[in-house]
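Novice: after the sequence you'll find the predicted model.
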Amino acid sequence: MNKEQTEELTEEQRRDREIAEFYESRKGDVEGLVPVKARVSKTPRTVFSLRLDAKELMELLGAAKQRDVTVSAFIRDAATAEARRQRLDGAEDNEAVIEELTGQLGEMNKSLKRLVLMARNRSAASRGARNEAPKRRTRTPASG
């Protein structure tokens, strides 16, 4: 990469490139490294930072202490419970919509059955009217 291209990069891009070049130059370099035994969790976690004022933190500390859990566990449990509650509230709304649509489908089904019955009755009446219509006389050749 030439100097002009380097000047066009943002500071963050320049720093990322330097880090990548450093690690690329050390690829395969195992001198000084020591093997270690490590465990990988079956349930990996993510660390999440949360900004609180002193009053909020004290309130959370007190509530966690009452339940004999860590502040992290208290916040995690409370946040998860709230997320589940909101999801269930949405499910109740869905149930109401499903119930309404089911009722509408039932009414449509009744209407369709009435239409089919009316169509069958008209068809039968039409066939009956044709059968009852006077027969046309056809001329037969006079005999002999």
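Specialist: Everything's here; your move.
Novice: only C-alpha atoms from now on, for both contacts and neighbour counts.
Specialist: Will do.
Novice: now Phe74, nearest residue through space, not along the chain?
Specialist: Counting by Cα to Cα, 6 or more residues apart in numbering, Ala64 is the residue found nearest to Phe74 once chain neighbours are left out, at 5.5 Å.
Novice: so what's that neighbour up against?
Specialist: By Cα atoms under 8 Å, 6 or more residues apart in numbering, the contact list for Ala64 reads 70-71, 73-74.
Novice: which strand or helix spans it?
Specialist: In this assignment (DSSP states H and E), Ala64 forms part of helix 54-66.
Novice: how about the CA coordinates for that helix, as CSV?
Specialist: C-alpha atoms of helix 54-66 as CSV (Å, rounded to 0.1, in the frame of the first residue of the first chain):
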residue,chain,number,x,y,z
ALA,A,54,-26.1,5.6,42.1
LYS,A,55,-29.7,5.5,43.2
GLU,A,56,-30.6,2.9,40.6
LEU,A,57,-27.6,0.7,41.5
MET,A,58,-28.4,0.9,45.2
GLU,A,59,-32.0,-0.1,44.5
LEU,A,60,-30.9,-3.1,42.4
LEU,A,61,-28.3,-4.1,45.0
GLY,A,62,-31.0,-4.1,47.7
ALA,A,63,-33.4,-6.1,45.6
ALA,A,64,-30.8,-8.7,44.7
LYS,A,65,-29.6,-9.0,48.3
GLN,A,66,-33.3,-9.7,49.4
